[in-house]
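Novice: Build me a model from this:
(one chain, ligands or ions: 2)
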Amino acid sequence: MRVLSGIQPTGRLHWGNYFGAIRQYIDLQSEDQAYYFIANLHALTTVRDADQLRAFTMDAALDLLALGLDPSQATLFAQSDVPEVSELTWILLSGAPLGLLERCHAYKDKKEKGLPADAGLFTYPVLMAADILAYDSDVVPVGEDQVQHIEVCRDLARSFNHHFGEVFVLPKAQVLEKTAKVVGLDGEKMSKSYDNTIELFEPAKAARKKVMRITTDSRPMEDPKDPETDHLFQLFSLFGEPAAVKEMAELYRRGGFGYGHVKKALADAAEAYFEEPRARREELVAHPERVREILGDGAAAARKTAGAVLRRAQEACGLRSR
Ligand code: ADP
Ligand code: TRP
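Specialist: Numbering: from 1, shown residues only. Ligands and ions are numbered 1, 2, ... in the order given. Next up, the predicted model:
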């Protein structure tokens, strides 16, 4: 089985990215073959500052490696280091129905808000389809918001195969129900666009401060509460040991506790959870050349796979002689 996923370097990664996507990457890296990349071509539609894009790309690599992505098991690379994907994008763009792209939420949301959108954003799902198809990917671990794009990828692949013969493997999205939508400080989906995130590697003190700001209701302390509908509890359950989570759920049902108690428990659990990755990250920051080497090796391996798939597609549609 081949696993593939990508993450955009558009800012510092947050808890939602980790529990929604990155943790699955790490869990799946021992599969047959795993490809993970930093989607800097996608980020170019939003990050319009060269130094910032370079810094975010490096940060994403550092974060992934610190969190346990193991380059001896998985292939890690930057999207732009595999030009074959851009060539494949053009092949898929030709034949991609406009209506299909108009329905995609990244573009649709912007348009509905009256915000200017560029052609890169409009065709974003096609580049994403090329990312996936270029590696004959079977499984794509992502958060819920990306499922629509994987459906588009399947549509484009199916239509190409129908027209030109069986070239592409149809991928499947893999979403973990429990972590499909991690909530942010305000109880809405955690997202950098909503300014409600806690970053993975922000200083522990700053993260703690943010935890203290998580919104809660104003019910009296004595009232029993339903843990399942409380977003503070949901966050705690991501980090806590099963026994501690069970105990906390019982406390909710019993009542007689303050939310400050839960916040402290959450801040402690999160700090302990990221302690080891934080130390690993610091070590890696001191050796950027090591990270660059990992990305370089990853890109070389990725290009081999993507090159073979591109050739197959070019032959099938008449861009290359058989
Ligand atoms: P953001 O919404 O902060 O811009 P991205 O869209 O760059 O995050 O998401 C990167 C990956 O992390 C995707 O696979 C996405 O599904 C996942 N993800 C992002 N936010 C969350 C969240 N709050 N809960 C679960 N998964 C998330
Ligand atoms: N669009 C994804 C996001 O915003 C990132 C991405 C780009 C991706 N190409 C991909 C994810 C291919 C999975 C597979 O999160």
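Novice: how about the residues of the stretch 1-150 of the chain near ligand 1?
Specialist: For the stretch 1-150 of the chain, the contact set with ligand 1 under Cβ under 6 Å from any ligand atom comprises 7-8, 10, 16-17, 20-21, 142-143, 145-146. Glycine gets a C-beta too; all of them are placed from N, C-alpha and C.
Novice: One more pass at 5 Å, please.
Specialist: 8, 16-17, 20-21, 142-143, 145-146 (Cβ under 5 Å from any ligand atom).
Novice: Just give me the least confident of the residues you listed.
Specialist: The lowest pLDDT within those belongs to Gly143, with 85.
Novice: residue ranges of the strands in the stretch 201-322 of the chain, please?
Specialist: Taking DSSP state E, counting those that start in this stretch as the test, none of the stretch 201-322 of the chain falls into strands.
Novice: if we can go back for a sec, just the ones of the residues of the stretch 1-150 of the chain next to ligand 1 in helices?
Specialist: Using DSSP state H, the members of these that fall in helices are 16-17.
Novice: want to try TSV for the residues of the stretch 1-150 of the chain next to ligand 1, with neighbour count as columns?
Specialist: Below are those laid out as TSV (neighbours: other Cβ atoms under 10 Å):
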residue	neighbour count
Gln8	23
Gly16	24
Asn17	25
Gly20	24
Ala21	22
Val142	21
Gly143	22
Asp145	16
Gln146	21
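Novice: Could you verify my assumption that Thr46 touches Thr10?
Specialist: Yes. Using Cβ atoms under 8 Å, Thr46 is in contact with Thr10, at 5.3 Å.
Novice: Which one of those two is surrounded by more residues?
Specialist: Using other Cβ atoms under 10 Å, the more surrounded residue of Thr46 and Thr10 is Thr10, with 20 against 15.
Novice: And the pLDDT at that one?
Specialist: 94.
Novice: so it touches Ala43, yeah?
Specialist: Yes. Contact criterion Cβ under 8 Å: Thr10 and Ala43 qualify, at 4.9 Å.
Novice: Common neighbours of the two, please.
Specialist: Taking Cβ atoms under 8 Å, 6 or more residues apart in numbering as the contact rule, Thr10 and Ala43 both touch Phe56.
Novice: and the residue of the stretch 51-200 of the chain nearest ligand 1?
Specialist: Residue of the stretch 51-200 of the chain nearest ligand 1, by Cβ to the nearest ligand atom: Gly143 (2.1 Å).
Novice: What about that residue? Give its phi and psi, please.
Specialist: With angles defined as degrees, to the nearest 10, Gly143 sits at phi -80, psi 170.
Novice: Flag every residue of this structure that's near ligand 2.
Specialist: Neighbours of ligand 2 within the chain, by Cβ under 5 Å from any ligand atom: 5-6, 8, 39, 42, 128, 131.
Novice: Show me how the record splits the chain into domains.
Specialist: 2-180+288-317, 202-273 (automatic domain parsing).
Novice: tell me the most buried of those domains?
Specialist: Most buried of these, by mean neighbour count (mean count of other Cβ atoms under 10 Å): domain 2-180+288-317, with a mean of 18.
Novice: how far does it stretch from start to finish?
Specialist: One end of domain 2-180+288-317 sits 25 Å from the other (Cα to Cα, to the nearest Å).
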